[in-house]
Each structure stands twice: as C-alpha cells, then as structure tokens.
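Chemist: Sequence plus predicted model, see below.
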Amino acid sequence: MLLHVLGTAAGGGIPQWNCACPGCSGARAHPERRRRHASLAVRTGEGRWYLVNATPDIGDQIEAHPALHPGPGPRQTPVAGVVLTDAELDHTLGIARLREADGLEIHATPPVHRALEERLRLGDVLRPYTRLTWQDLPRHGTRTLPGGGPGSGLRISAVPVSTKRPRYAADAPEDDAWVVALRLYDPATGKSALYAPAVAEWSDTLHRVAAEADCVIVDGTFWDEEEPRRTGISSRTATGMGHLPIDGPDGTARILATLPARRLYTHLNNTNPLVDPAAAQHKRLARLGIEVADDEMVIEL
C-alpha cells in the first residue's frame, strides 16, 4: 500500500487568506511552513490512484505529486476517483475542480451523498461538464477500490466518528455517518491504514480498528481543549467544534501512545502550535513515538 499525503491543514489552509495569527504569519514569513488542506492519495494498482477528499487545493496537490500527473495520452489520468470522509466544503469543493474529467467516481456515505446532491446541487452544476458516478461507502462490510489488474485493489470501510453536519446542511437529519474515518486494507500484503482527519468521539470500534492498523493518521486540529476560545477563533471548545484535542486527560495523544502502529497527526488548525516546527509540543509527541504528518510525505506499508 502506498499513501501520498497531499495536505495536512484544517479549514482555510496555512496560511489562511484573511488570518494574521502567529501560525499564518509564520507561514508567510517561512514558506516551508505552508500546509495545504488535509487530503490523501492512495494507490490501488499500478498507475491507479484514489483521492481521499477533494480539497480547494486539489490542482496544486496533484501537480506536487508526479505519480498523479496525466499521460501518456493527452487526457489519460491516474486519478480514478474520490473517497469522501464528510461533506464539509474543505473536503468537497475540489470535486468541481475535477470537472474536466470524462467521468468521476465518488465514494461517500448516504448523508454525505444527499448533502452534496440536494444542498450543494453538485450533480446539477457539474452535469454539463462531466458525469458523476456515486458509490456507497459502507458502514458495515467493505467495498473494493479496484486496482486495474488481477490481484490489485484495496478494500475500504467507513468508521463513524461524528454526527456533525456541515453548516449548509445544519437542518438535515441526524446520522452517525456524517463524518467517518476510513480503514484501508491491502489484501495482497495484509497491511492496513486508518485515516481519520476529523474525530469527535473515540469509540470502541475506532479503537479496535486503530489497534489493528499498521499506520494511523488522526485528527490533530487543536492541541488542547481550550485552544479555540483562548485564541479567539470560536466561543466553543475543541470538542464543541467536533474535534478531540491532542493534549489533556481526554486527548488523543494518550490513546495513540498505546498503539503499536505508526502514528501521525494531520488536519492542523492555524492556531495549533504544531504548525511551528520549533514548538516544544513536537518534542512531547516525539517522546510518545508520535509524528506530525507533512505535506508531500510518502508512506509505504
């Protein structure tokens, strides 16, 4: 299994266009600190890749990874489709950017599919440009992402982690699959990875999947519970915004420290001290054997 980390930032990216917080100002002064919106590319076979979430940065993310470049035919692309973990704008706006494709395969849970079709009218908007083919992302059982050849392909399944709906669908029915983590399993090697860029609750099911995985990439939006209020970006706490914090008695670092897998954080908010490579918090995580994912990182399992 081969994973390319396309981006590691939360909503707005780092720097965010209208923000002068220390994290964004630092990224403007030091371009190597810039982070694109959180996303992942997963290889399912030779020359065949699926994008996990389609962000506003999707064009630049594809260009930054030669394995995703088109060719040898003039419109031949290795990008086979998109898998969505939620319906948030930061993870779906890039679908419109892919409108030049002859067709686009999208894997999503039912509430995410309905929100994009009924609230954003994505099908109506893109119909004159391309054909969208929707595939159900199962909460029970698995679906195969084909690899294009015998013995290739990955199995995926969804693990519900939050009932949080995007603001544009705030009045939509509740469902535990509004936000999911993805389990990616390679039957050829027996290796698995867990990708969970937004986690509101660490359930027993999520813990079991994480404990069995060879690599776990988890929500690192906020360092601690009070960060959103302390920095003035919200009147809510981290968990109130749908993200378990990293630090603290109920933080995910304590949980990740017990897992045997390779463990990394992604989806960093611009207020998170981890956006500064010199921050002391990096050393605290390193002592636990936990990493912070970087844009353009390659993970092979």
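Modeler: Looks like it arrived, so ask away.
Chemist: Next, find the distance separating residue 192 from residue 59.
Modeler: The gap separating residue 192 from residue 59 is 30 Å, by C-beta to C-beta, to the nearest Å. (C-beta placed from N, C-alpha, C; glycine too.)
Chemist: between these two, which one's more packed in?
Modeler: Residue environment comparison for residue 192 versus residue 59 gives the larger neighbour count to residue 192, 21 against 12, counting by other C-beta atoms under 10 Å.
Chemist: For the host helix or strand of that one, give me every contacting residue.
Modeler: With elements delineated by DSSP states H and E, residue 192 resides in strand 191-196, which encompasses its position. Surrounding strand 191-196, the residues in contact under the criterion C-beta atoms under 8 Å, 6 or more residues apart in numbering are 1, 3, 40, 52, 85, 159, 161, 181-186, 206, 209-210, 212-219, 261, 299, 301.
Chemist: same question, stretch 197-212
Modeler: Counting contacts by C-beta under 8 Å, 6+ apart, the residues touching stretch 197-212 from outside are 38, 53, 85-86, 88, 91, 159-164, 179, 181, 183, 192, 194, 196, 216-219, 221, 239, 242-244, 252, 255-256, 259-261, 266-267.
Chemist: Who does the closest residue to residue 98 other than its chain neighbours form a beta bridge with?
Modeler: Distances taken as C-beta to C-beta, 6 or more residues apart in numbering place residue 104 nearest to residue 98, at 5.6 Å, with adjacent residues excluded. Here residue 104 shows beta-bridge partners residue 132, assigned using DSSP bridges.
Chemist: likewise the one 4 residues further on?
Modeler: The bridge-partner assignment for residue 108, based on DSSP bridges, gives residue 136.
Chemist: quick one: it and residue 40, what's the gap?
Modeler: Distance from residue 108 to residue 40, by C-beta to C-beta: 15 Å.
Chemist: ok, now residue 50?
Modeler: Relative to residue 40, and taking C-beta to C-beta, residue 50 is found at 9 Å.
Chemist: With residue 73 instead?
Modeler: Counting by C-beta to C-beta - residue 73 and residue 40 are separated by 26 Å.
Chemist: cool, residue 72 as well?
Modeler: As it turns out, when the distance is counted by C-beta to C-beta, residue 72 lies 25 Å from residue 40.
Chemist: what about those two, which has more around it?
Modeler: Using other C-beta under 10 Å as the criterion, residue 72 and residue 40 rank with residue 40 on top: 27 against 5.
Chemist: Can you show me the helices along the stretch 101-250 of the chain?
Modeler: Ranges of helices within the stretch 101-250 of the chain are 110-114, 122-126, 204-212, 227-231, based on DSSP state H, counting those that start in this stretch.
Chemist: So which of these is the most surrounded?
Modeler: Greatest average neighbour count among the helices of the stretch 101-250 of the chain goes to helix 110-114 (a mean of 20), per mean count of other C-beta atoms under 10 Å.
Chemist: and that helix, what does it pack onto?
Modeler: strand 131-136 (3 or more C-beta pairs under 8 Å, 6 or more residues apart in numbering; DSSP states H and E).
Chemist: Quick check: mean pLDDT of the strand it packs on?
Modeler: Mean pLDDT, computed over strand 131-136, is 96.
Chemist: List the buried residues in that strand.
Modeler: In terms of neighbour count (16 or more other C-beta atoms under 10 Å), strand 131-136 has its buried residues at 132, 134.
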